[in-house]
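J.: could you look at this predicted model? Sequence included:
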Amino acid sequence: MVAREITRAQKLEFRVGQVMTREVVAVTPSTSLLELKEIMRKRRISGVPVVDDNGDLVGVISLEDLLRAFEQGTLNATVGERMSTTLITIRETDSVDAAVAKFQQTGVGRLPVLNSWGQLVGVLTKGDVTRGLVHEVQAETQDEEIARYRASHIFRDVESDDTSLVLRYKVAPRDFTHGGNASSRIKRALMRLGADPQIVRRAAIASYEAEMNLIIHADHGGVITAEVDASQLKMMFKDDGPGIADLRRALEEEGYTTTPPEIRQMGFGGGMGLKNIRKCADQMHLDSKVGLGTQLEITILLHTWEPSTPVENVSPRKASRESA
């Protein structure tokens, strides 16, 4: 497995906390620049976070800041005098895909990682992303190969007229921290059952889009039911409101979305959720009534499939449930 083989779906699945560097080298505002120079030289690093006496993040300082001080003849200054207090951070629960986007948007080389209480728990660099993803994917692949061998015999070995596996997941509203967990588990189940990788990818994209729709738009979250047998995967996504006011626009109009502005600012709600699902599904049925809720049924046949739109060109986007 090489870095270029890591898909965006995997970047969405893995979290920053899985790939970040946990051993944080930090300095305080009172650290001298000469001390900082030695720390960077010995540790072979090009930047460090700056914390106060309570361990709270108050700034960052880089090799560029140090070189600038050297050029200006102010190496006797302290870190607090030369550090940047404009903090660009990321949460340990954020997806690796979100981290990659932040690197691209800001141009920074490292991101301090905070926990849910705002405490510094790690540092993430672009190199961490590549190395960490490769390690995680390799470890997951080894575990999956063993599990797949055991599970792939289920439908062949169990004698019955109708054998199926039913998976059920509850999804909480606005729970972006756990967004994608259910679709990841459905994906792993299909892999262990020996499904074709192309079919697994289609199922992962469709289920992720629909799961995020529940998180973004359903008043009380929803329930996902996935039933897989020897011939097909059938997934049901159900919620009790608010419902979709204009089904035609939701299904046919590209970019149409009713995602609240505050959610769109987080990068979700591009209006492509249902379109991506339809591209990946063999069958899709959507029923929605305003005030009562929405029921989305997706069927994917478990055989080799030739899509009109190559699945490689369909990426799981920040989902948008086109509801009222």
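T.: Great, that's in hand.
J.: where does the protein dip in pLDDT?
T.: The model of the chain has pLDDT under 70 over residues 1-13, 132-162, 265-271, 304-324.
J.: in it, which spans are helices?
T.: For the chain, applying DSSP state H gives helices covering 8-13, 16-19, 33-43, 63-71, 79-82, 96-106, 126-151, 154-157, 181-192, 197-217, 247-252, 261-264, 273-280.
J.: report the inter-axis angle for the last one versus helix 197-217.
T.: It refers to helix 273-280. For helix 273-280 and helix 197-217, the angle between their directions (axes from the mean of the first three to the mean of the last three CA atoms, to 10 degrees) works out to 160 degrees.
J.: now do the third one
T.: Taking the same axes, to 10 degrees, one finds that helix 33-43 is oriented at 150 degrees with respect to helix 197-217.
J.: how many other residues sit next to the nearest residue to residue 31 once chain neighbours are set aside?
T.: Spatial nearest neighbour of residue 31, excluding adjacent residues (CB to CB, 6 or more residues apart in numbering): residue 79 at 4.5 Å. C-beta here means a position set from N, CA and C on the backbone, and glycine is covered the same way. Neighbours of residue 79 under the rule other CB atoms under 10 Å: 24.
J.: I'd guessed residue 79 sits against residue 50; true?
T.: Yes - Residue 79 is within contact range of residue 50, at 5.8 Å (criterion: CB atoms under 8 Å).
J.: overlap of the contact sets of those two?
T.: Contact with both residue 79 and residue 50 is made by residues 27-29, 31, 59, 61, according to CB atoms under 8 Å, 6 or more residues apart in numbering.
J.: stretch 244-256: how far from the chain's middle?
T.: 25 Å (CA atoms, centre = their mean, to the nearest Å).
J.: and that stretch, which residues are buried?
T.: Of all the residues in stretch 244-256, those buried under the rule 16 or more other CB atoms under 10 Å are 244, 246-247, 250-251, 256.
J.: of all these, which comes closest to residue 196?
T.: residue 251 (27.3 Å; CB to CB).
J.: distance of the residue nearest to the closest one when sequence neighbours are not counted relative to residue 247?
T.: Spatial nearest neighbour of residue 251, excluding adjacent residues (CB to CB, 6+ apart): residue 274 at 5.8 Å. Between residue 274 and residue 247 the distance is 10 Å, computed by CB to CB, to the nearest Å.
J.: same check, this time on residue 212
T.: 19 Å.
J.: same question for residue 127.
T.: From residue 127 to residue 247 the distance is 47 Å (CB to CB).
J.: next one: residue 36
T.: From residue 36 over to residue 247 (counting by CB to CB), the distance is 60 Å.
J.: now swap in residue 113 and tell me
T.: To residue 247, residue 113 is 42 Å away according to CB to CB.
J.: check residue 254 too.
T.: Note on residue 254: its distance to residue 247, by CB to CB, is 15 Å.
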